[in-house]
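> this one's structure only:
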Ligand SMILES: Nc1nc2c(ncn2[C@@H]2O[C@H](COP(=O)(O)OP(=O)(O)OP(=O)(O)O)[C@@H](O)[C@H]2O)c(=O)[nH]1
């Protein structure tokens, strides 16, 4: 055999090895986007899409609060790891690789979906996912950022850290979904699209209502977005989505080397102002009182969710609150779940909220005909 023939054979073997590895590599899709933008709404549809295609999906859900309420919406036939009480991109970032690895070992999924908290900087999560790639065959295939259209416009007017975090999430995306188009006037939609495009000119952009979109982004056979393999910051190659490279953000709070102190910890200034209050309820509340309470929430609380028992209906409900809109869904939990309410916002008075919740519970305990409480 000539040297040329040997080289050809080697190239063919390398290509075959690469294809084999791609077939056995588990694609990971990261769903990013600010609090309440529609990540769980999207996640549900992706799960349905995989179920219909007979693709076995596993989910990692991260919540800032101590309970995973979104997990209640997802059927218990979907393997799920819950990472609670911290943010994947910093406080519990180190656990992600372990969770991912044990999910892969235990359930052998065809694909993994990670829903991050809305306060997370996707770049750090990407770093953690790709760390796992060192000892398991995983491939971070996409970073899908769900953009809350109306909220982005309103945050741009205000500026500040939250707007910067939203910008970061957009920059890092390989795919962009501009959601809540139903709440945007046509000229506002154009404004949002322009703004998103300024931040990330390459990622395919879809405008949606309730994240309804065709699912080719999540197609198991799809190559990495833009034909690129996603490589984490600090490693060789491209950082993440189209526009995101650490050097681009000089002056931003999150991405410079100065963010990393000598011990290698990440102060993550970009969302340390975001706080969560988790409160377990010990009894039912009255639905009207609860709606009134929610209507009066301070503007600093921009997201809330929970599970409640309403005294006046004797049913359990999952509630969702995002940017002053409240939704309820009647639920029948399959396993034991507590009544709980989680509030997420910036610098709100936790004590006042707790007092109000206590009052709601006292009122809920009162039977009809009981004397009114002060
Ligand atoms: N009007 C409107 N509401 C929407 C749309 N998409 C989602 N919502 C609602 O917005 C709220 C938040 O949606 P989720 O899917 O839970 O958002 P999320 O990003 O997972 O929220 P976090 O987990 O808190 O970060 C829910 O009440 C949804 O029903 C939309 O396109 N238009």
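Okay, I see it. Note that the structure is predicted; figures quoted are calculated from it, not measured. Numbering: from 1, shown residues only.
> which regions of the stretch 251-374 of the chain lie under the pLDDT threshold?
251-276, 334-336, 367-374 (pLDDT under 70).
> no, scratch that, I was asking about the stretch 101-250 of the chain
For the stretch 101-250 of the chain (pLDDT under 70), the answer is 131, 133-135, 221-250.
> Which residue lies closest in space to the residue of it found nearest the ligand, excluding its sequence neighbours?
Using C-beta to the nearest ligand atom, the single residue of the stretch 101-250 of the chain nearest to the ligand is residue 118, 3.4 Å away. For every residue, glycine as well, the C-beta is placed using N, CA and C. The shortest distance from residue 118 to any residue other than its chain neighbours is 3.1 Å, reached at residue 35 (C-beta to C-beta, 6 or more residues apart in numbering).
> Same question for residue 96.
residue 128 (4.1 Å).
> ranges for the helices of the stretch 151-300 of the chain?
Listed in chain order, the helices of the stretch 151-300 of the chain (DSSP state H, counting those that start in this stretch) span 160-171, 186-199, 287-295.
> Which among these is found nearest to residue 8?
With C-beta to C-beta, the closest approach to residue 8 among those belongs to helix 160-171: 42.1 Å.
> Do that closest one and the ligand come into contact?
No. Helix 160-171 stays clear of the ligand (C-beta under 6 Å from any ligand atom), getting no nearer than 10.9 Å.
> what distance separates that helix from the middle of the whole chain?
Remark: helix 160-171 is offset 14 Å from the chain centroid, using C-alpha atoms, centre = their mean, to the nearest Å.
> I'd like the distance from stretch 325-339 to the chain centre, please.
20 Å.
> which residues of the stretch 251-374 of the chain fall in strands?
274-281, 301-309, 316-322, 325-331, 339-346 (DSSP state E, counting those that start in this stretch).
> Please name the bridge partners of the residue of the stretch 251-374 of the chain found nearest the ligand.
Residue nearest to the ligand within the stretch 251-374 of the chain: residue 320 (3.5 Å; C-beta to the nearest ligand atom). Beta-bridge pairing of residue 320 under DSSP bridges involves residue 305, residue 327.
> tell me the phi and psi of the residue lying closest to residue 180 once chain neighbours are set aside?
The spatially closest residue to residue 180, leaving aside those adjacent along the chain, is residue 149, at 5.0 Å (C-beta to C-beta, 6+ apart). Note on residue 149: its backbone torsions stand at phi -50, psi -60 [degrees, to the nearest 10].
> burial measure for residue 149, as a count.
Neighbour count of residue 149, defined by other C-beta atoms under 10 Å: 28.
> Likewise for residue 220?
Residue 220: 13 neighbours (other C-beta under 10 Å).
> can you tell me which residues contact it?
27, 50, 53, 55, 110, 111 (C-beta atoms under 8 Å, 6 or more residues apart in numbering).
> follow-up on the earlier one: looking at the helices of the stretch 151-300 of the chain, which is closest to residue 9?
Nearest to residue 9, of all these, is helix 160-171, at 43.4 Å by C-beta to C-beta.
> The stretch 201-350 of the chain against the ligand: which residues are in contact?
Going by C-beta under 6 Å from any ligand atom, the residues of the stretch 201-350 of the chain near the ligand are 209, 210, 211, 303, 320, 322, 327.
> Identify the farthest-apart pair in these.
The distance between the two most remote of these (C-beta to C-beta) is 19.4 Å, for 209 and 303.
> Which one's more surrounded, those two?
residue 303 (22 against 15).
> Can you tell me how far the more buried one is from residue 26?
Note on residue 303: its distance to residue 26, by C-beta to C-beta, to the nearest Å, is 31 Å.
> Could you do residue 296 as well?
Residue 296 is 46 Å from residue 26, by C-beta to C-beta.
> now residue 181
Residue 181 is 32 Å from residue 26, by C-beta to C-beta.
> now residue 46
Residue 46 is 15 Å from residue 26, where distance means C-beta to C-beta.
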